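Engineer: Fold the following.
(chains A and B)
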There are 2 protein chains.
Amino acid sequence: MQHSYAIIGTGAVGGLYGARLQHAGHDVHFLAHSDYEHVRAHGLRVTSPWGHVTLPRVQAYARSSDMPICDVICVCLKTTQNHLLPALLAPLVRPGTVILLMQNGLGAEEEVAARFPQARVAGALCFLCCNKTGPGVIHHVDYGHILLGMHGAGPDDTLRRIAAEFTAAGIPNELKASLADARWRKLFWNIPFNGLSVILQAETDAIMADTSSRGLAHALLQEVLAGAHACGYAIEDAFMQHIMDFTDKMKPYRTSMALDYAAGRPLEIEYIYDRPLAAARQAGLAMPRVATLADELHFLDRRRRAAPATPGA
Amino acid sequence: MQHSYAIIGTGAVGGLYGARLQHAGHDVHFLAHSDYEHVRAHGLRVTSPWGHVTLPRVQAYARSSDMPICDVICVCLKTTQNHLLPALLAPLVRPGTVILLMQNGLGAEEEVAARFPQARVAGALCFLCCNKTGPGVIHHVDYGHILLGMHGAGPDDTLRRIAAEFTAAGIPNELKASLADARWRKLFWNIPFNGLSVILQAETDAIMADTSSRGLAHALLQEVLAGAHACGYAIEDAFMQHIMDFTDKMKPYRTSMALDYAAGRPLEIEYIYDRPLAAARQAGLAMPRVATLADELHFLDRRRRAAPATPGA
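Structural biologist: Alright, predicted model coming up:
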């Protein structure tokens, strides 16, 4: 018997992965927000290098309290919406329900596990270039693989089944023994490049091409490495060079945080910067360059949200 | 017998102080650049809370080699022009000539003293809000007092005479026993507020009003204090609070670096950031937040200068 899935947030992440799961035959239920009416009437359309998926009919909801109980709840909101999770998830969680947080940053699993002790909490790190380009329309540009892990434990049979179902749905994935280790590894990219892309208003290629910003990216990586070590994750020194090489090889890329900033949406500073800074601080380590970026981002974020967004910027 | 003065650079600083010296009866010679023709034909006009000064005739030059030998050479260029100093000063320096560097940042006196060992090298820190608003037109908004010191020594009789002449010309000033100590104290303001004003595109009041940018300014002050201490300058802890209080009380102010950036002019990163960073590093101290600002500024500066300036921006 296949798992049923609730997709909380039908944006780029929820739209891409949810559509593939439904396309593979799963019973999938989508919580939508701004484009609820459109998705309910016209479904979802995903263009993707994995093959386009058009779903003229999906089960869409405007309120989570209208959704049926599902085996797996995929949380596909930006972490800036996480204050909504207690109310959104309460009607859907039963003993043994899997809550899979498909989000960036650190610390969300702890919060959800504390709030819903009856649930099995897991996390997914999604490596993808994907945008929602219109109501019900997802444009998947590149990448897309997922790392899966249980919160505070190794993979269990349920997570292995989820991984197998993702694989069967054409979603490349990998089970990780330590979710926290994987989350720190993803911070290696997010902390330097999300922040600098907003502060310098630059794409990745420009950041990598200039001596000063390239040097700063590397200095930030050294702080994140020290932070991971202080928190007990044995990430190898060579991982910094891996991130530099990976970013050098990327096509010029505007990060999701830069897109959020341009659109006047709130930035994911809390889970990508503040939580790692707090975790390292608690382990006795300061990350002053990371803290500088976080302070600058908070200023820019608050000012941007206080001013009306520039349409189409 | 009063000193004669050569003013190297007739911008906001050189225009204001040079005009007051001439107004007080000194023989003053102005090296001008972009507005040379205008200044030669129409002189200088300074509006100032100290009293307006209109000089229909000034002795203006397009080349320093055309200037007469003066007792005191006031270098009033931005430090971004300091690579020009060896050639500009060579025709003017005689044994005993005073070279007074009226500039921000650290390290220029060392360079000039090494290049012109026959000169007496001094420095001046100018605390002023003043802009050149058109050819030959200087608008002095507020402040304007000067701290004077000899390079690598206490004040001598010549510098005392210069200070007295400045006072007689209505330029408030103070002789400092240690020029380097005074230069570090000025960095306390320049390092946080010049940099953040460019990176955050904000005036001082906005920087002081936001929790994150205010906290960052304070954290930068702590690094600058540690840097000064590492370099042997006994600046008191309370000086940080003095800077915060001073900035809280300022009228909303767009820093000179923010104005330079908006106008597409090069930024004074080398003498305000790179030299202090190098001095602290040599004394065994890292200033990671300051280094982060410096890297960001270098990126923004290079990109801005590579692109055509936005007129009037």
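
Engineer: Helix, strand or coil: sort out A:Thr167 for me.
Structural biologist: Using DSSP: H, G, I helix; E, B strand; the rest coil, the structure places A:Thr167 in helix.

Engineer: just checking, it touches A:Leu175?
Structural biologist: No: between A:Thr167 and A:Leu175 there is no contact under C-beta atoms under 8 Å: 10.4 Å. The way it works is simple: take the backbone N, C-alpha and C, and place the C-beta from them, glycine included.

Engineer: Give the residue from these two that has the larger number of neighbours.
Structural biologist: Remark: of A:Thr167 and A:Leu175, A:Leu175 carries more neighbours, 17 against 13, as counted by other C-beta atoms under 10 Å in any protein chain shown.

Engineer: As a quick check, tell me the outermost residue of chain A.
Structural biologist: Within chain A, A:Thr211 marks the point farthest from the mean C-alpha position, 29.6 Å out by C-alpha atoms, centre = their mean.

Engineer: Up against chain B, what does the stretch 101-250 of chain A have?
Structural biologist: A:196, A:199-200, A:202, A:206-207, A:210-213, A:215-216, A:219, A:223 (C-beta under 8 Å from any C-beta of the partner chain).

Engineer: Could you rerun that using 10 Å?
Structural biologist: Counting by C-beta under 10 Å from any C-beta of the partner chain, the residues of the stretch 101-250 of chain A close to chain B are A:196, A:199-202, A:206-207, A:209-217, A:219-220, A:223.

Engineer: Drop anything exposed from these.
Structural biologist: Neighbour-count burial (16 or more other C-beta atoms under 10 Å in any protein chain shown) applied to those gives A:196, A:199-202, A:206-207, A:210, A:212-214, A:216-217, A:219-220, A:223.

Engineer: can you pull out the strands in chain A?
Structural biologist: Secondary structure of chain A (DSSP state E): strands located at A:5-8, A:28-31, A:44-47, A:53-55, A:59-61, A:72-75, A:98-102, A:120-134, A:137-150, A:173-175.

Engineer: what about A:His29, distance to A:Tyr5?
Structural biologist: According to C-beta to C-beta, to the nearest Å, A:His29 and A:Tyr5 sit 7 Å apart.

Engineer: nope, A:His242 is what I meant
Structural biologist: 32 Å.

Engineer: These two: which is more packed in?
Structural biologist: With neighbours defined as other C-beta under 10 Å, A:His242 and A:Tyr5 compare such that A:Tyr5 has more, 25 against 14.

Engineer: just checking, which of the buried ones among the residues of the stretch 101-250 of chain A next to chain B belong to helices?
Structural biologist: Judged by DSSP state H, those include A:196, A:199, A:206-207, A:212-214, A:216-217, A:219-220, A:223 as members of helices.

Engineer: and the two most separated of those?
Structural biologist: The most widely separated members of these, counting by C-beta to C-beta, are A:Ala206 and A:Glu223 (21.8 Å).

Engineer: Could I get the contacting residues of the residue nearest the centre of chain A?
Structural biologist: Taking C-alpha atoms, centre = their mean, the centroid of chain A lies closest to A:Gln103, which sits 2.7 Å from it. Contacts of A:Gln103 were listed using C-beta atoms under 10 Å, 6 or more residues apart in numbering or on different chains, and they are A:9, A:13, A:75-79, A:81-82, A:109, A:123-126, A:183, A:268, A:271-272.

Engineer: pLDDT score for it?
Structural biologist: Listed pLDDT for A:Gln103 reads 97.

Engineer: from memory A:Leu16 sits against A:His145, does it?
Structural biologist: No: the pair A:Leu16 / A:His145 is not scored as a contact, 11.8 Å apart, by C-beta atoms under 10 Å.

Engineer: of those two, who's got more company?
Structural biologist: Comparing A:Leu16 with A:His145 by other C-beta under 10 Å, the one with more neighbours is A:Leu16, at 27 against 13.

Engineer: Could you measure from the more buried one over to A:Ser48?
Structural biologist: A:Leu16 is 7 Å from A:Ser48, by C-beta to C-beta.

Engineer: which neighbours do those two share?
Structural biologist: Common contacts of A:Leu16 and A:Ser48 (C-beta under 10 Å, 6+ apart): A:128, A:130, A:138-140, A:144.

Engineer: Can you lay out those as TSV showing pLDDT and neighbour count?
Structural biologist: Converted to TSV, those look like this (pLDDT from 0 to 100; neighbours: other C-beta atoms under 10 Å in any protein chain shown):
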residue	pLDDT	neighbour count
A:Leu128	89	18
A:Cys130	90	23
A:Ile138	97	25
A:His139	96	17
A:His140	96	24
A:Gly144	94	22
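
Engineer: Between which two of the residues you listed is the distance greatest?
Structural biologist: Maximum pairwise distance among the shared contacts of A:Leu16 and A:Ser48 (C-beta to C-beta): 12.1 Å, between A:His139 and A:Gly144.

Engineer: hang on, A:Leu88 packs against A:Gln81?
Structural biologist: Yes: at 8.6 Å, A:Leu88 counts as touching A:Gln81 under the criterion of C-beta under 10 Å.
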